[in-house]
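Chemist: the following comprises the amino acid sequence and a computationally predicted model.
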There are 2 protein chains.
Amino acid sequence: MTLDAVLAKIDENLNEATDRLLDLLRIPSISTDPAFVADCDRAADWLVEDLKTIGFDASKRVTTGHPMVMGHAKGPATHKATHVMFYGHYDVQPVDPLDLWDTPPFEPALEETDKGVVIRGRGSSDDKGQLMTFVEACRAWVQVHGELPIKVSIFFEGEEESGSPSLIPFMRENAEELTADIAMICDTGLFESAVPAITTQLRGMVTEEFSIHGAARDLHSGMYGGLAGNPIHVLSKLIADLHDDEGRITLEGFYDDVPELSDEMRSQWQNLGFDHAGYLGDVGLSVPAGEHDRTPLEMIWSRPTCEVNGIWGGYIGDGFKTVLPAEAHAKISFRLVGQQDPDKVHASFVSHVNKHLPSDFSAEFAPSRGAKASQMSIDNPAFEKSRQALTDEWPRPGSYIGCGGSIPIAGFFKDILGMDAMLIGFGRDDDAIHSPNEKYDLESFHKGMRSWARILAALAK
Amino acid sequence: MTLDAVLAKIDENLNEATDRLLDLLRIPSISTDPAFVADCDRAADWLVEDLKTIGFDASKRVTTGHPMVMGHAKGPATHKATHVMFYGHYDVQPVDPLDLWDTPPFEPALEETDKGVVIRGRGSSDDKGQLMTFVEACRAWVQVHGELPIKVSIFFEGEEESGSPSLIPFMRENAEELTADIAMICDTGLFESAVPAITTQLRGMVTEEFSIHGAARDLHSGMYGGLAGNPIHVLSKLIADLHDDEGRITLEGFYDDVPELSDEMRSQWQNLGFDHAGYLGDVGLSVPAGEHDRTPLEMIWSRPTCEVNGIWGGYIGDGFKTVLPAEAHAKISFRLVGQQDPDKVHASFVSHVNKHLPSDFSAEFAPSRGAKASQMSIDNPAFEKSRQALTDEWPRPGSYIGCGGSIPIAGFFKDILGMDAMLIGFGRDDDAIHSPNEKYDLESFHKGMRSWARILAALAK
């Protein structure tokens, strides 16, 4: 079975493939907001139908949350090559602040920019555009050769952007069906928007949502200001005290399980020639924050963080209300590395908050969610075969890199199913995922499909 | 003209008076929210019509904001006694958080409580219930005697809860019409819910709304967390640094124009036997915050404050979004005392914020609003006559007290029109003004009317 004909078919079908992606992008499958439950369901149905058209035995699977999509294609009967389990997620981030979008987030369209054509819309990069690169590669293989070169299974979830509450139970209950020789995950990016990469190191995460309670009710600041403690002040002080003057996180024991970067890894990363100034400059910044004694790349890939993702309290409408609020709230997330234990970090955070509460104040914590950091072994020959396939497609050779994000599924494949996971994706740093005006370069979409077509061929050998 | 018949008429008419107040309370005249412009207008119309029914030459006056209501009643032609200008405001505070109200805020009703019957609803105490005590006292005088015992003018504004942007221009343009012998303002309370009081000392205020800007767009905390500064962290640190460990405000020069309380005033206030523990205990608190070396009453009446009234930034919806926001916002108000100059405090605040900004961050300030603190002279005999009238009505003698709130109108009457202002009101500490479940005791309403009837009689002598 020749690869060239498959690549040619992908080139020929680019317009149709793009139209299919736009269809999927029009479904506002925001998993974190209960208002979009039916849309998540609709996105799952859309994927099931599409997978069926290219010969997958596909089905929607009910969970207590949003449904999963599963699909299986046998590949050649005579072949005993690698069985791949491909993972992606069809849910997307919320779109607020909506007024910062230049076009409606769920009316996707191609757009000419000075960096080339992009597909604009929520989910175009994270993760609908990425998962469709794989689906389209499979379609081209089937169209040209009537079947895939290897056995392929597909697993899409719809809760990746909302903490994946159904994922672990589903994986445990369907362990046999979900187990393959290797997992492939398309939810990462090119290195510096140019170098095709396999991510082998991912940070973990702990999320904390909590409230600070003061007086029994909102008070008039003229009658109680100064005298009654203000929960916003307490919360602000508490947040200010989460980092010391050197940018280090102050939770007790927080750095106990954080490994120092090996000299070998540090030197490999240095060789990547990361453009620190450009990375910050792209988003209008010039001075790195965070730990003073770490390089930016080291910070992003190998150091833990603590960020406030949201804060609110008191009167936040138009005009002014001189209220002294009874409560204030924040959402905080920690990125974890090495052996940091989410439960231990949560406990240390709770203890930090309670320690900082003045008299008369109390704190209330929503259930914390967490996942450990992941570190892949690249011993499985699929890694090197795939890296070579990427090198064949792109102008620069494929590299093994780290990633600052948290993709807990990689750890779950390892821990629950005993499978290694390869993280390959074609996102770019300026895709604005999780932000207004998210986009995916048409080149990422096109060469992404071609990359997967090559990887499928490489794994068949 | 006898007072007793007027008091008897007030007692007789209590139900009808209450029904009129409930009518007015049903109009959601929230001045700070543009959605309620028509309702503010409707409340002004309602008052004009009502004043006309009791013989006032009343009219609605257009401003660039919400309208003013003016009314004049000549009083006895043969009499040259005091001309009173009565002030109140028909606008009300916003009602959020709506879910903390036990009944809809604009469906007012009488309610039996263990402390007696209350009128429940937004504006019942601040200030519709209070202003109607005066209107009803006038009505009773007119019903019994066909006219008022003195010349009375009435001035209601509809922007008190939103910074009174039209007030000063209106007062300047209508100075002659607004000038009387003395101003009466009904927007304060009984001392400790029991002692009838004339407030002679009011704090001023400066309000600040501002934003902290960091990166050019919202960022993914996995890709930029730690490395890119977080505006919520910057804002939190800045707020935390507004007070030192002793509870003092750290703005440069902030205390320059803050007078020490005179020994005489301190001793007078001590004699009031203020229930510090009860005042805090009423709202579920036990430990005074604020300056460590001041008594609570001293803090509320004679010390400046700095409170965050609202804060917001990042993702504040349901679920979690690991965003590193591009901006964060807060509303902060300062209560001023003595000779503190609002412009100087604003300048010092701006300088404080800018000084605390890390590299790459900027701050944006909405226009600041301010008013100086007020200190009445009680030389005008109307003060002592009124205090005696209050003593006659209530179980405990009338007192001169301070107030932690800011009622800029008192200072404007003095500065623009050269009039002293007497602040007399019947609110109670547990009225929950500016909070959910606002109420006004039926006793406050009833004895408030009777108090004004007595004051009108006293000023005629």
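Modeler: Good, I have the coordinates. The model shown is predicted, which means the values in this text are computed figures rather than measured ones.

Chemist: so who does the most centrally placed residue in chain A touch?
Modeler: Among the residues of chain A, the one closest to the centroid is residue A:407, at 5.5 Å (C-alpha atoms, centre = their mean). Residues counted as contacts of residue A:407 (C-beta atoms under 8 Å, 6 or more residues apart in numbering or on different chains) are A:185, A:187-188, A:202, A:374, A:423. Yep, even glycine has a C-beta here, placed from its N, CA and C like the rest.

Chemist: now for the residue of the stretch 1-150 of chain A found nearest chain B, how many residues are close by?
Modeler: Residue of the stretch 1-150 of chain A nearest chain B, by C-beta to the nearest C-beta: residue A:32 (3.2 Å). For residue A:32, the count of nearby residues is 19 (other C-beta atoms under 10 Å in any protein chain shown).

Chemist: just residue A:87 next, same as before
Modeler: By other C-beta under 10 Å, 26 other residues sit near residue A:87.

Chemist: who does it bridge with?
Modeler: Beta bridges link residue A:87 to residue A:155, residue A:185, judged by DSSP bridges.

Chemist: where does chain A have low pLDDT?
Modeler: When residues are selected by pLDDT under 70, those of chain A lie in A:1, A:78-79.

Chemist: for stretch A:246-264, buried residues please.
Modeler: A:247-249, A:251, A:254, A:257-258, A:261 (16 or more other C-beta atoms under 10 Å in any protein chain shown).

Chemist: and if you look at stretch A:358-365?
Modeler: In stretch A:358-365, counting by 16+ other C-beta under 10 Å, buried: A:360-361, A:363.

Chemist: what of stretch A:20-32?
Modeler: A:20-22, A:24-32.

Chemist: follow-up on the earlier one: which one of the contacts of residue A:407 is nearest chain B?
Modeler: Among these, and counting by C-beta to the nearest C-beta, the member closest to chain B is residue A:202, at 8.9 Å.

Chemist: would you list the phi and psi of that closest one?
Modeler: phi -130, psi 140 (degrees, to the nearest 10).

Chemist: how about the residues of the stretch 1-150 of chain A by chain B?
Modeler: Within the stretch 1-150 of chain A, the positions adjacent to chain B are A:31-34, A:93-94, A:96-97, A:100 by C-beta under 8 Å from any C-beta of the partner chain.

Chemist: at 6 Å what do you get?
Modeler: Counting by C-beta under 6 Å from any C-beta of the partner chain, the stretch 1-150 of chain A comes close to chain B at A:32-33, A:94.

Chemist: the strands in the stretch 1-150 of chain A, which residues?
Modeler: A:57-61, A:68-73, A:83-89, A:109-113, A:116-120 (DSSP state E, counting those that start in this stretch).

Chemist: among those, which is the most enclosed?
Modeler: Highest mean neighbour count among the strands of the stretch 1-150 of chain A (mean count of other C-beta atoms under 10 Å in any protein chain shown): strand A:83-89, with a mean of 24.

Chemist: could you tell me how many residues sit around the residue of the stretch 51-200 of chain A found nearest chain B?
Modeler: The minimum distance from the stretch 51-200 of chain A to chain B, using C-beta to the nearest C-beta, falls at residue A:162 (5.1 Å). Neighbourhood size, residue A:162 [other C-beta under 10 Å]: 22.

Chemist: can you pull out the helices in the stretch 301-450 of chain A?
Modeler: A:342-356, A:381-393, A:408-417, A:442-460 (DSSP state H, counting those that start in this stretch).

Chemist: tell me which of these is the most buried.
Modeler: helix A:442-460 (a mean of 24).

Chemist: can you give me phi and psi for residue A:201?
Modeler: phi -140, psi 120.

Chemist: so how far is the first residue of stretch A:112-119 from its last?
Modeler: 9 Å (C-alpha to C-alpha, to the nearest Å).

Chemist: what's the answer for stretch A:244-258, then?
Modeler: 17 Å.

Chemist: hmm, that stretch touching chain B?
Modeler: No: taking C-beta under 6 Å from any C-beta as the criterion, stretch A:244-258 and chain B are apart, separated by no less than 7.8 Å.

Chemist: thought residue A:3 was touching residue A:457?
Modeler: Yes: using C-beta atoms under 6 Å, residue A:3 makes contact with residue A:457 at a distance of 4.4 Å.

Chemist: what about residue A:4, how many neighbours?
Modeler: By the measure other C-beta under 10 Å, the count of residues near residue A:4 is 10.

Chemist: now do residue A:277
Modeler: Neighbourhood size, residue A:277 [other C-beta under 10 Å]: 12.

Chemist: could you look up the SS state of it?
Modeler: Secondary structure, DSSP: H, G, I helix; E, B strand; the rest coil: residue A:277 is helix.

Chemist: endpoints of stretch A:104-120, how far apart?
Modeler: Start-to-end span of stretch A:104-120 (C-alpha to C-alpha) is 9 Å.

Chemist: determine how far it lies from the middle of the whole chain.
Modeler: 21 Å (C-alpha atoms, centre = their mean, to the nearest Å).

Chemist: re the thing from before, so what does the residue of the stretch 1-150 of chain A closest to chain B have for phi and psi?
Modeler: Per degrees, to the nearest 10, the backbone of residue A:32 is at phi -80, psi -10.

Chemist: nearest residue to it other than its sequence neighbours?
Modeler: residue B:319 (3.2 Å; C-beta to C-beta, 6 or more residues apart in numbering or on different chains).

Chemist: the one you found touches residue A:164, doesn't it?
Modeler: No: under the criterion of C-beta under 6 Å, residue B:319 is not in contact with residue A:164, lying 11.9 Å apart.

Chemist: comparing those two, which residue is more hemmed in?
Modeler: residue A:164 (23 against 18).

Chemist: relative to residue A:51, how far out is the more buried one?
Modeler: In this view, residue A:164 and residue A:51 are 21 Å apart by C-beta to C-beta, to the nearest Å.

Chemist: returning to that earlier point: what's the closest of the strands of the stretch 1-150 of chain A to residue B:326?
Modeler: Ranking the strands of the stretch 1-150 of chain A by proximity to residue B:326 (C-beta to C-beta) places strand A:116-120 first, at 19.0 Å.

Chemist: in its sheet, what does that closest one sit against?
Modeler: strand A:109-113 (antiparallel), strand A:439-441 (antiparallel).

Chemist: just want the angle from the first one to helix A:442-460.
Modeler: When you say that, I think you mean strand A:109-113. Here strand A:109-113 runs at an angle of 110 degrees relative to helix A:442-460 (axes from the mean of the first three to the mean of the last three C-alpha atoms, to 10 degrees).

Chemist: from the chain's centroid, how far away is stretch A:145-163?
Modeler: Mean-position distance between stretch A:145-163 and its chain equals 16 Å (C-alpha atoms, centre = their mean).

Chemist: same question for stretch A:395-413.
Modeler: On C-alpha atoms, centre = their mean, the centre of stretch A:395-413 falls 10 Å from that of its chain.

Chemist: same question, stretch A:191-206
Modeler: A distance of 10 Å separates the centroid of the chain from that of stretch A:191-206, by C-alpha atoms, centre = their mean.

Chemist: which residues sit against that stretch?
Modeler: A:188, A:190, A:333-337, A:342, A:345-346, A:370-376, A:387, A:390, A:394, A:396, A:398-404, A:406-407, A:410, A:422-424, A:428-429 (C-beta atoms under 6 Å, 6 or more residues apart in numbering or on different chains).

Chemist: first vs last residue of that stretch, how far apart are they?
Modeler: The straight-line separation of the ends of stretch A:191-206 (C-alpha to C-alpha) is 25 Å.
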